[in-house]
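Participant: pasting the sequence and the predicted coordinates here, then a few questions.
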Amino acid sequence: MQTEAPATPTATATYDAIIIGAGQSGGPLSTALAKAGRKTAIIEREHVGGTCINEGCTPTKTMVASARVAYLARRAADYGVQTGPVSVDMTVVRKRKRDIVTSWRDGSQHRIEETPNVDLLFGEARFTGPKTLDVQMRDGGVRRISADTILINTGERPAKADISGIEQVPTLNSTSIMELDQVPEHLLVVGGGYVGLEFGQMFRRFGSNVTIIQRGPKLLSREDGDVADEVAKILREDGIEVLLETHPLSVAHSGDTGQSIHLTVKTTHGERVLTGSHLLIAAGRTPNTDALNPAAAGIETDKRGYIVANERLETNVPGIYVMGDVKGGPAFTHISYDDFRIMRANLLHEEHETITGRLVPYTVFIDPQLGRVGLTEHEARAQRIPIRVAKLPMSSVARAIETDETRGFMKAVVHAETQQILGAAVLGIEGGEIMSVLEVAMMGKLPYTALRDGIFAHPTLSESLNNLFMALDEE
């Protein structure tokens, strides 16, 4: 059967600025440029809001909240509250997630559409030259557009696993797993990073048996060993099987119902076959640059396809910039939004903002949360920085005891000479919120003694910072 040749645009529409991707950088920058009088086009392949709203932060944390309710319901007797058997209706969990995502997505799209001077184009963009793009429109046809200023915000997607037989086996990724309408009987998770741990614990709380397979010697490979070990301990307490230094070799599907996925792994004790009902691949991300054809514009990419940029988010092609996950580095929504702030300042106000030295806070939404900011102890020692380390178990925190949430610990890395806080890890109830208090102190360049001696309301979690830093006086 003869296929039709792709449509060819007949004219080129010219803009002051083009943004490729309506993520957490692209969306707000499109309206900021438009309000400043710059005729702007923003191109979106799938849906406004990017990964965060549609497949990342918003839906996952919505489902994490549902899982925590199930967890607390099962623990009700610990608080003197009697409940009946706990069951989870995944169709309701999914609907709650979908409703919240739709609300956020529609709100973001409406803000762009209602802003004069912005054209929102739904389609796939492809460079045809340094400042020219063809957009294969979702509703058919091709539009050719050009601008002297182009900003790339195309993000990432889940990477495929290099496991023999994987193409013949039904698998889940971080997007498709949130569309399940039944609780898996046994979920196999390949990957011990943020994604794998959040979904692993979530589905354990929904009622699944869960096995997490991690190639390296610890979970969360970038964290200090004591932090990673404590995370593994917590997950095992929750009934999750955590396999470290375990390499997936091959996978097969028996075709029947129930426990039909057979994953062969190599462990430190030899080969083993893991059997489960569902397989989640949570082993990395890959940049959305393959369809973009950056080579046609002369844009430099690294060997993995990420777009190379300097500290001002400039590519090697003048007038072309990159924001968010597609440039590599920390893949967090708040970093993408900070990229927007940098570009807004530099493009509209002729400032000279850079990403140099910016703090990169993040929270892993396991329960208890892991809030992280700044240097780890390992990183500080590798840089030969003179440090002192403050550590406090959550079992010594009054508020944690009162709420019966005492798992984990707080840890801060302090410069031994300047008394500046260089980094922190808070693995505990509302760890992300406590970490944020420490980050504010770091932003203000307060010495640790300011928190040691500060007055915090009692009984709050932040009050525990007094005791955390008092530990340094007891050395």
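Facilitator: In hand now; what should we look at?

Participant: neighbours of residue 42, how many?
Facilitator: If you count neighbours by other CB atoms under 10 Å, residue 42 ends up with 28. Yep, even glycine has a C-beta here, placed from its N, CA and C like the rest.

Participant: give me the most central residue, the chain.
Facilitator: Nearest residue to the geometric centre of the chain (CA atoms, centre = their mean): residue 332, 5.0 Å.

Participant: give the contact list for residue 44.
Facilitator: 21-22, 26, 120-123 (CB atoms under 8 Å, 6 or more residues apart in numbering).

Participant: how about 10 Å then?
Facilitator: Listed by CB atoms under 10 Å, 6 or more residues apart in numbering, the contact set of residue 44 reads 19-23, 26-27, 30, 50, 109, 112, 120-125, 138, 153-154.

Participant: helices - which of those land there?
Facilitator: Cross-referencing those against helices under DSSP state H gives 26-27, 30, 50, 109, 112.

Participant: after the lowest-mean-pLDDT helix or strand in the chain, which helix or strand is next?
Facilitator: Using mean pLDDT, DSSP states H and E, helix 50-54 stands out as the lowest-scoring helix or strand of the chain, at a mean of 91. Using DSSP states H and E, the next helix or strand after helix 50-54 towards the C-terminus is helix 57-74.

Participant: other SSEs contacting that following helix?
Facilitator: Other elements packing on helix 57-74 under the criterion 3 or more CB pairs under 10 Å, 6 or more residues apart in numbering; DSSP states H and E are helix 50-54, helix 90-113, helix 194-206, helix 333-349.

Participant: dump those helices into TSV; add distance to residue 442 and mean neighbour count as well.
Facilitator: Putting these into TSV (distance: least, CB to CB, whole Å; neighbours: other CB atoms under 10 Å) gives the following:
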stretch	distance to residue 442	mean neighbour count
helix 50-54	24	24
helix 90-113	30	15
helix 194-206	22	25
helix 333-349	15	19
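
Participant: switch those helices over to CSV; also include distance to residue 424.
Facilitator: Compiled in CSV, these are given as follows (distance: least, CB to CB, whole Å):
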stretch, distance to residue 424
helix 50-54, 24
helix 90-113, 30
helix 194-206, 18
helix 333-349, 17
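
Participant: the ones you listed: which one's closest to residue 40?
Facilitator: Closest to residue 40 of these is helix 90-113 (CB to CB; 9.6 Å).

Participant: the closest one to helix 194-206, inter-axis angle?
Facilitator: Note on geometry: by axes from the mean of the first three to the mean of the last three CA atoms, to 10 degrees, helix 90-113 and helix 194-206 are set 140 degrees apart in direction.

Participant: could you give the average pLDDT over helix 90-113?
Facilitator: The pLDDT scores in helix 90-113 average 96.

Participant: cool, stretch 336-355 as well?
Facilitator: 97.

Participant: dump that stretch to PDB, restricted to CA.
Facilitator: These are the backbone C-alpha positions of stretch 336-355, laid out as PDB (Å, rounded to 0.1, in the frame of the first residue of the first chain):
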ATOM      1  CA  SER A 336      13.100  23.700  35.700                       C
ATOM      2  CA  TYR A 337      11.100  26.600  37.200                       C
ATOM      3  CA  ASP A 338      14.300  28.300  38.300                       C
ATOM      4  CA  ASP A 339      15.600  28.000  34.700                       C
ATOM      5  CA  PHE A 340      12.500  30.000  33.700                       C
ATOM      6  CA  ARG A 341      13.300  32.700  36.300                       C
ATOM      7  CA  ILE A 342      16.900  32.900  34.900                       C
ATOM      8  CA  MET A 343      15.700  33.200  31.300                       C
ATOM      9  CA  ARG A 344      13.000  35.700  32.200                       C
ATOM     10  CA  ALA A 345      15.600  37.900  34.000                       C
ATOM     11  CA  ASN A 346      18.200  37.600  31.200                       C
ATOM     12  CA  LEU A 347      15.800  38.000  28.200                       C
ATOM     13  CA  LEU A 348      13.500  40.600  29.500                       C
ATOM     14  CA  HIS A 349      15.600  42.600  31.900                       C
ATOM     15  CA  GLU A 350      19.100  42.200  30.400                       C
ATOM     16  CA  GLU A 351      20.400  40.700  33.600                       C
ATOM     17  CA  HIS A 352      23.200  38.100  33.900                       C
ATOM     18  CA  GLU A 353      21.700  35.400  36.000                       C
ATOM     19  CA  THR A 354      23.300  31.900  36.000                       C
ATOM     20  CA  ILE A 355      22.900  28.500  37.500                       C
END
